[in-house]
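Student: No letters, just coordinates:
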Ligand SMILES: [Zn+2]
């Protein structure tokens, strides 16, 4: 992984600095610069899932279409309506569920599955501090979500999406132990903070290119409101919307 190479380089630079420049007046300046640089790269690497800095995620698929993903559901007021819009257009998407919400609304989970969509694991808790969870706690959180999904649907989850797209070395252990594949995105819609429908739609359509994986959320009305226009845009421009497995699996 990239972070191991960067960390090794950082350590080598620090050693070299102590060996060759310890007496030099620029020593502390160079040391501080190196530490700040390393910390900045590490922070950016954990927030930029596309960098594949700590773990390998699938951030785009084959150039044969695009795939839509919805995170953070189920949300009773939104998810069912999104399912209706998708069904009308004959589109299959992926829903990265939060386990504790799935437990509350098993009927919606079964509805998602019955409509032919894919279910993914978006952790049990979606805890704000999940990035600080220990190796064991992180694994247990994802396992709890997978178990709940399997209990409800009888299906095993094969895809996970790290909450907030934040990754760290402990995710390596989750992927190894669960056999799940980490799914990132190539287009982040920022729909949860969007206020203007046209701007949101434009932000997505202006970035659409073959193989795109689009990050949306089935938690806000604005996503539901722009969805028909987004599906229509794809249809008008001959952009096929494919299930995730079709787009990314060989
Ligand atoms: Zn999320």
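Tutor: Cool, the structure landed. These figures come from a predicted structure and were not determined experimentally.

Student: need the next SSE after the strand with the most length in the chain, C-terminal direction.
Tutor: Taking DSSP state E as the criterion, the chain has its longest strand at strand 67-73. For strand 67-73, the following helix or strand on the C-terminal side (DSSP states H and E) is helix 76-89.

Student: what's downstream of that next one, the next helix or strand?
Tutor: As assigned by DSSP H and E, the chain's next helix or strand after helix 76-89 is strand 94-97.

Student: Which residues does that following strand contact?
Tutor: Strand 94-97 has contacts (Cβ atoms under 8 Å, 6 or more residues apart in numbering) with 67-74, 79, 109, 112, 117-122, 145, 149, 159-161, 183, 218, 243-244. Just so you know, the C-beta spots here come from the backbone N, C-alpha and C atoms, and that holds for glycine as well.

Student: mind listing what residue 169 touches?
Tutor: Contacts of residue 169 by Cβ under 8 Å, 6+ apart are 1, 3, 54.

Student: Check residue 115 too.
Tutor: Residue 115 sits next to 83, 86, 87, 92 when contact means Cβ under 8 Å, 6+ apart.

Student: could these be laid out in JSON lines, adding distance to the ion?
Tutor: Shown next, in JSON lines, are the contacts of residue 115 (distance: Cβ to the ion, whole Å):
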{"residue": "83", "distance to the ion": "19"}
{"residue": "86", "distance to the ion": "19"}
{"residue": "87", "distance to the ion": "24"}
{"residue": "92", "distance to the ion": "21"}
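
Student: which of the residues you listed count as buried?
Tutor: The neighbour-count test (16 or more other Cβ atoms under 10 Å) marks 83, 86, 92 as buried among these.

Student: pretty sure the second one is touching residue 92, no?
Tutor: The reference is to residue 86. Yes. Here residue 86 reaches residue 92: they are 7.3 Å apart, a contact under Cβ atoms under 8 Å.

Student: Flag every residue of the protein that's near the ion.
Tutor: Within the chain, the positions near the ion by Cβ under 5 Å from the ion are 71, 72, 163.

Student: Highest neighbour count among those residues?
Tutor: residue 71 (24 neighbours; other Cβ atoms under 10 Å).

Student: looking at it, that one is touching residue 220, isn't it?
Tutor: No. Assessed by Cβ under 8 Å, residue 71 is found out of contact with residue 220, at 11.1 Å.

Student: sorry, back to before: let's have the contacts of residue 115 in CSV, adding pLDDT.
Tutor: Output for the contacts of residue 115, formatted as CSV (pLDDT from 0 to 100):
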residue, pLDDT
83, 98
86, 98
87, 98
92, 98
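
Student: and stretch 164-181, how far out from the chain's middle?
Tutor: 11 Å (Cα atoms, centre = their mean, to the nearest Å).

Student: Start and end of it, how far apart?
Tutor: Stretch 164-181 has its terminal residues 16 Å apart, counting by Cα to Cα, to the nearest Å.

Student: Now do the buried residues in that stretch.
Tutor: Buried-residue list, stretch 164-181, by 16+ other Cβ under 10 Å: 165, 167, 168, 170, 171, 172, 174, 175, 178, 180, 181.

Student: How are the strands of the chain distributed by residue range?
Tutor: For the chain, applying DSSP E gives strands covering 57-58, 67-73, 94-97, 118-121, 159-160, 181-183, 187-188, 213-217.
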